[in-house]
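>>> I'd like to go over a predicted model; first the sequence, then the structure.
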Amino acid sequence: MTTKTARPPKKTTTTKRAGRIQKTTPQKRASASKKTCTAKRATLRQKTKAAKRATPLKKTTPPKRLSDLSHLRAMMRALVRGMYDEQKLRIQMGLRIVANFKVKRGQMPSTKEDTLNRESKAMLDTLRADNKRLTDALAKDKRHREPYSGCELIGSATEAGLVAAYLRIESMEKAAEKSIGKALREFPIYVEFLKGVCGVGPLMAGVIISEIDIFIARYPSSLWAYAGVDVAANGAGRSRKKEHLVEREYKAKDGTMKTRVGITFNPFLKTKLTGVLAASFLKAKSPYADIYYEHKTCLENHTKHKEKTKGHRHNMAMRYMIKRFLVDLYVAWKTLEGLPVSEEYSVAKLGRVHGG
């Protein structure tokens with residue numbers, strides 16, 4: 001017959017609390033210790049949060065001046081010019097795809113669309129109406145895997161390769177556009193002025209910042225001359241005509257100084273301002289569009305310009321609108337850079353107030 005051995009009694013400790021003696025077991029001591037650690041961690045977290053709230057926030061550094069970001073301006077110029085080079089290549093590739101499509105539909109090169117049959121011409125009209133670029137319509141069915149089965153618009157693997165090349169160039173162009181948009185945040189003139197001008201997008205802002213050096217432009221007319229929207233000596237708008245060319249000295253390879261005839265303005269900047277930005281102002285119904293319509297009305301009612309053609313007066317009003325924008329750009333940019341701001345010649349010398 002086995003006898004049960006008695007378990008040793010649990011060790012107890014006595015603690016004095018509120019005038020009475022309490023017995024605690026090891027389990028109770030462990031639980032109390034765990035609660036104490038949890039309470040300490042909670043207290044530490046609260047102290048850390050309070051310290052973070054009490055710590056003053058770091059002051060954000062003001063935007064750097066353009067004079068300190070000349071290297072970024074050079075990079076912006078490379079980005080903008082590179083993006084437009086990719087755009088030109090994309091357009092050329094798109095035109096080849098469209099020409100190939102037309103030939104397949106019966107229109108031979110150097111012939112008008114009237115030679116197409118009625119069905120093919122209706123398809124072209126539909127594509128043009130539904131898409132801004134005909135090539136975009138052709139590139140809709142772009143994701144094909146071998147073996148290539150073809151579709152209504154793209155009938156062979158060779159044509160699919162052309163479309164794939166077009167899409168690769170288009171993706172590179174879009175990536176460059178995103179890079180330009182990110183780089184613009186470093187320029188105060190974009191953040192403080194150009195971003196808020198209705199009709200000026202990131203690409204146009206990139207063109208303006210990369211092509212214009214505000215530290216060289218002394219007067220508003222300096223911007224006009226550099227952008228090619230000034231008036232030549234014969235009273236006509238600046239152009240590439242022979243009478244508007246000037247002689248300039250240059251250093252030849254052999255070290256001697258020679259002269260050559262050339263233009264007086266930046267042709268890339270003039271094309272973007274008068275050919276893209278001016279139309280953008282009108283489409284976006286920008287406040288500068290009001291300047292265009294007011295000046296155009298004045299030209300139509302003026303005896304000196306009444307005999308000019310409608311297109312001539314339109315170009316004059318567009319050029320005048322860009323000149324007013326460049327004046328506002330000049331004042332805003334010079335002010336941001338802390339440079340002296342000069343008044344226009346017509347205001348400072350002749351006392352004329354534009355729009356008054």
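Perfect, I can see it now.
>>> just the helices in the stretch 151-300 of the chain please.
Ranges of helices in the stretch 151-300 of the chain, per DSSP state H, counting those that start in this stretch, are 157-183, 188-192, 202-211, 220-227, 267-272, 278-283, 287-301.
>>> Make TSV out of these and add mean neighbour count, mean pLDDT and distance to residue 309.
(Glycine included, C-beta is placed from N, CA and C.) Shown next, in TSV, are the helices of the stretch 151-300 of the chain (neighbours: other C-beta atoms under 10 Å; pLDDT from 0 to 100; distance: least, C-beta to C-beta, whole Å):
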stretch	mean neighbour count	mean pLDDT	distance to residue 309
helix 157-183	16	87	37
helix 188-192	18	94	37
helix 202-211	22	95	28
helix 220-227	21	93	24
helix 267-272	16	95	21
helix 278-283	17	96	18
helix 287-301	16	94	11
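>>> Looking at the ones you listed, spot the one closest to residue 254.
helix 267-272 (28.2 Å; C-beta to C-beta).
>>> what's that closest one packed up against?
helix 202-211, helix 220-227 (3 or more C-beta pairs under 8 Å, 6 or more residues apart in numbering; DSSP states H and E).
>>> One more pass at 10 Å, please.
Helix 267-272 sits against helix 70-104, helix 202-211, helix 220-227, with contacts defined as 3 or more C-beta pairs under 10 Å, 6 or more residues apart in numbering; DSSP states H and E.
>>> before we move on, the earlier item: mind putting the helices of the stretch 151-300 of the chain into TSV with distance to residue 338?
Below are the helices of the stretch 151-300 of the chain laid out as TSV (distance: least, C-beta to C-beta, whole Å):
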stretch	distance to residue 338
helix 157-183	23
helix 188-192	11
helix 202-211	18
helix 220-227	18
helix 267-272	25
helix 278-283	29
helix 287-301	26
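>>> Figure out which of those is closest to residue 78.
Closest among the helices of the stretch 151-300 of the chain, using C-beta to C-beta: helix 202-211, at 8.3 Å.
>>> Any stretches of the protein with poor pLDDT?
The chain contains residues with pLDDT under 70 at 1-69, 113-117, 123-124, 127-155, 354-356.
>>> okay, now the domains of it?
66-184, 201-252+273-348 (automatic domain parsing).
>>> Including distance to residue 262, could the ones you listed go into CSV?
Listed next are the domains of the chain as CSV, based on distance: least, C-beta to C-beta, whole Å:
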stretch, distance to residue 262
domain 66-184, 20
domain 201-252+273-348, 6
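>>> Which one of the ones you listed lies nearest to residue 258?
Comparing those by C-beta to C-beta, domain 201-252+273-348 comes nearest, at 5.1 Å.
>>> list the contacts for the closest residue to residue 283 other than its chain neighbours?
Leaving aside its chain neighbours, residue 283 sits nearest to residue 199 (7.5 Å; criterion: C-beta to C-beta, 6 or more residues apart in numbering). The contact partners of residue 199, by C-beta atoms under 10 Å, 6 or more residues apart in numbering, come to 276-289, 325.
>>> same thing but 8 Å
Contact analysis of residue 199 by C-beta atoms under 8 Å, 6 or more residues apart in numbering lists 277, 280, 281, 283, 284, 286, 288, 289.
>>> if I read this right, the second one contacts residue 201, doesn't it?
Right, the one you point to is residue 280. Yes - using C-beta atoms under 8 Å, residue 280 is in contact with residue 201, at 7.4 Å.
>>> measure residue 182 to residue 81 for me?
17 Å (C-beta to C-beta, to the nearest Å).
>>> Quick check: residue 267 touching residue 226?
No - here residue 267 does not reach residue 226: they are 11.0 Å apart, not a contact under C-beta under 8 Å.
>>> and the angle from the strand or helix carrying residue 328 to helix 287-301?
If you go by DSSP states H and E, residue 328 is part of helix 310-337. Relative orientation of helix 310-337 versus helix 287-301 (axes from the mean of the first three to the mean of the last three C-alpha atoms, to 10 degrees): 140 degrees.
>>> I'd like the next helix or strand past helix 310-337.
Assigned by DSSP H and E, the successor of helix 310-337 is helix 345-348.
>>> re earlier: tell me the helices and strands packed up against the helix holding residue 328.
helix 188-192, helix 220-227, helix 278-283, helix 287-301.
>>> So which of those helices is nearest residue 103?
helix 278-283 (32.4 Å).
>>> what separates the residue nearest to residue 82 when sequence neighbours are not counted from residue 97, distance-wise?
Spatially, and ignoring its direct neighbours in sequence, residue 82 is nearest to residue 176 (6.2 Å; C-beta to C-beta, 6+ apart). Separation of residue 176 from residue 97 (C-beta to C-beta) stands at 21 Å.
>>> rewinding a little: make a markdown table from the helices and strands packed on helix 267-272 and add distance to residue 254 to it.
Shown next, in a markdown table, are the helices and strands packed on helix 267-272 (distance: least, C-beta to C-beta, whole Å):
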| stretch | distance to residue 254 |
| --- | --- |
| helix 70-104 | 30 |
| helix 202-211 | 32 |
| helix 220-227 | 30 |
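>>> right, and the domains of the chain - which one's nearest residue 192?
The nearest among the domains of the chain, by C-beta to C-beta, is domain 201-252+273-348 at 6.0 Å.
>>> Now do the end-to-end distance for that closest one.
32 Å (C-alpha to C-alpha, to the nearest Å).
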